[in-house]
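Participant: just to be clear, the model below is a prediction. Sequence and coordinates:
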Amino acid sequence: MDHQAPAIVALIGRPNVGKSTLFNRITRSRKAIVDPTPGVTRDRHYERVLWKDRPFILVDTGGIDDNPNDEMVTTIRGQALAAIDEADVILFLMDGKQGLLPADFEVIELLRRVSKKVLYVINKIDGPEQEQELLAPFYELGVEPLWVVSAEHKYGFPTLMDGLVDALPEETAPLDLPENTIRLAFLGRPNVGKSSMINLLLGEDRMVVSPVSGTTRDSVDTLLSHKERNYLLIDTAGIRRKGKTTEKLEKFSILKALAALGRCDIAVVLLDAEEGITEQDAKIIGYTQDHGRALILLLNKWDLVADDRKRQQQMLEEIGRAVPFVGFAPLLSVSAKTGYGFKRLFPTAGSVHRQFTATFPTAALNRLLGDAVEHHSPPIYKNKRLKFYYTTQIGTAPPTFVIMSNSSKGVHFSYERYLTNRFREGLGLDRVPIRLIFKDKS
Ligand code: GDP
Ligand code: GDP
């Protein structure tokens, strides 16, 4: 488990300089985090990457921000500004074959004035023989060093990656959290009320044990104790900067979520009761499940719809439709403004955490499996009846069970769902994600 958020690396540059090619080249070297949740569409513009054991999140800012109606200079300027604000390291890609264009100069001027780590990368140098001729104009820029690469043919690639990893912020020492601390990451679109909610939770008689500063770059963690339990609240709202458009912030709020997910137990995703659930919300919720996190949904700003029964009903239906894969997640309607409902968060987190970390004896699991199979016979697969031999728990957070069978391939989605439901019921795991892994007995 990560103890700090992975760094964010932004890839910027004009159209056609090779950003997506480099993005694909880098992400192909990544180690998959966990199995993707079915039904969750992956956004190809950011991926978690592991290079020499250092994790980071790579963003193809071009992919996020491209707007065909904008002029190129406007687009790339926007990318650069967002990257300057939100990323830890910037890869500024230029086109070695085409040379420098005015848009490049403009961005370099911007980048030079900030203290962010920037790697100036010349792409499309397809081999050492091309270096001398193609690189000459770039030396005039006076930025050093220049990283020379061919995203397509891999020339210079490992060197660039090592340089990138060196540029990542220093890892901080692991946080010394008291035992049994429940780590809650507050996620959601800008202005949904994350900071307000955290302030509310920190307020009044609750004792703030210590603000944990310097542990991450983009989020502020607070450790607090409440009724003899400790909670680490991870605020992903980030430092507010004036004059930034909500739209741009929104695109990066997903990254903040991704970065925080690695180090929380429970993702607390806030939704806006007035606006209802958006595609962006669904994406963030999908990511929480890709990471196997427990989940609590807060329907915030409930004060704005408190008198509107019809709207409430409609919204609950919308949520069910938009994220059917998290039917287990407790949904609390709250108002960070009036304080309505927020007191339920801690007890809910406690019960979710109990389930999330519960362990079960193998004998009980096998009885449960036996009963389930007896109740509803497994299907025939390739002329043979599917057989299950035994099951055991191999992990917690999320509770994970391995089930040995004569043919794991024969376990279709519907039977898997049946077993999952039986495990949930039989083990009292109704509020958390669980995983069943089917394996062949050799
Ligand atoms: P983006 O618009 O910045 O994302 O650029 P793309 O990744 O789509 O690449 C634009 C074009 O440049 C494509 O036709 C790529 O095949 C080509 N390209 C990308 N990298 C290289 C490279 O290293 N060498 C050469 N010769 N062509 C490349
Ligand atoms: P964040 O960007 O997610 O941290 O959102 P903030 O906590 O900064 O809240 C954004 C805006 O929404 C602020 O103006 C808050 O006062 C307002 N807000 C937050 N929670 C509520 C709520 O429950 N009801 C209402 N009416 N407004 C809220």
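Facilitator: Noted; the coordinates are in hand. Ligands and ions are numbered 1, 2, ... in the order given.
Participant: from residue 22, how far out is the residue with the shortest distance to the centre of the chain?
Facilitator: For the chain, residue 258 is the residue whose C-alpha lies nearest the centre (C-alpha atoms, centre = their mean; 2.1 Å). As judged by C-beta to C-beta, to the nearest Å, residue 258 and residue 22 stand 20 Å apart. (Each C-beta comes from the backbone N, C-alpha and C, glycine too.)
Participant: check residue 376 too.
Facilitator: Taking C-beta to C-beta, one finds residue 376 at 50 Å from residue 22.
Participant: residue 266 too?
Facilitator: 35 Å.
Participant: follow-up on the earlier one: how about the contacts made by the residue nearest to the centre of the chain?
Facilitator: 6, 46, 48, 57, 287 (C-beta atoms under 8 Å, 6 or more residues apart in numbering).
Participant: out of those residues, who's nearest ligand 1?
Facilitator: For those, the minimum distance to ligand 1 (C-beta to the nearest ligand atom) is 14.1 Å, reached by residue 46.
Participant: which sections of the stretch 101-250 of the chain are below the confidence cut-off?
Facilitator: 172-175, 204-220, 237-250 (pLDDT under 70).
Participant: please enumerate the strands of it.
Facilitator: Listed in chain order, the strands of the stretch 101-250 of the chain (DSSP state E, counting those that start in this stretch) span 117-123, 146-148, 181-187, 207-212, 220-226, 229-235.
Participant: residue 56 contacts residue 10, doesn't it?
Facilitator: No: using C-beta atoms under 8 Å, residue 56 makes no contact with residue 10, being 10.5 Å away.
Participant: can you pull the residues that touch both of the two?
Facilitator: Listed as contacting both residue 56 and residue 10 by C-beta under 8 Å, 6+ apart are residue 89.
Participant: out of these two, which sits in the busier spot?
Facilitator: residue 10 (29 against 26; other C-beta atoms under 10 Å).
Participant: give me the domain ranges for this protein.
Facilitator: Following the TED database, the chain resolves into domains at 7-167, 181-357, 362-440.
Participant: the shortest one spans what distance, first to last residue?
Facilitator: Between the start and the finish of domain 362-440 there is a gap of 18 Å, counting by C-alpha to C-alpha, to the nearest Å.
Participant: now do that domain: distance to the chain's middle.
Facilitator: 28 Å (C-alpha atoms, centre = their mean, to the nearest Å).
Participant: now do the first one
Facilitator: Relative to its chain's centre, domain 7-167 lies at 21 Å (C-alpha atoms, centre = their mean).
Participant: now do the longest one
Facilitator: How far domain 181-357 lies from its chain's middle: 14 Å, per C-alpha atoms, centre = their mean.
Participant: ok, residue 431 to ligand 1 distance?
Facilitator: Relative to ligand 1, residue 431 is positioned 42 Å away (C-beta to the nearest ligand atom, to the nearest Å).
Participant: kindly report the same for residue 407.
Facilitator: 43 Å.
Participant: coming back round to it: name the nearest of the contacts of residue 258 relative to ligand 2.
Facilitator: residue 287 (16.8 Å).
Participant: helices of the stretch 51-200 of the chain, start to end?
Facilitator: 61-65, 72-86, 102-112, 131-139, 157-167, 194-202 (DSSP state H, counting those that start in this stretch).
Participant: swap in the stretch 201-350 of the chain?
Facilitator: Ranges of helices in the stretch 201-350 of the chain, per DSSP H, counting those that start in this stretch, are 246-261, 279-290, 309-322, 345-356.
Participant: so for ligand 2, which of those helices sits nearest?
Facilitator: Using C-beta to the nearest ligand atom, the helices of the stretch 201-350 of the chain put helix 246-261 closest to ligand 2, at 8.0 Å.
Participant: these two touch, right, residue 99 and residue 137?
Facilitator: Yes: Residue 99 is in contact with residue 137 according to C-beta under 8 Å; the separation is 5.4 Å.
Participant: mind putting the helices of the stretch 201-350 of the chain in TSV, distance to residue 83 included?
Facilitator: What follows is the helices of the stretch 201-350 of the chain, written out as TSV (distance: least, C-beta to C-beta, whole Å):
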stretch	distance to residue 83
helix 246-261	9
helix 279-290	19
helix 309-322	30
helix 345-356	34
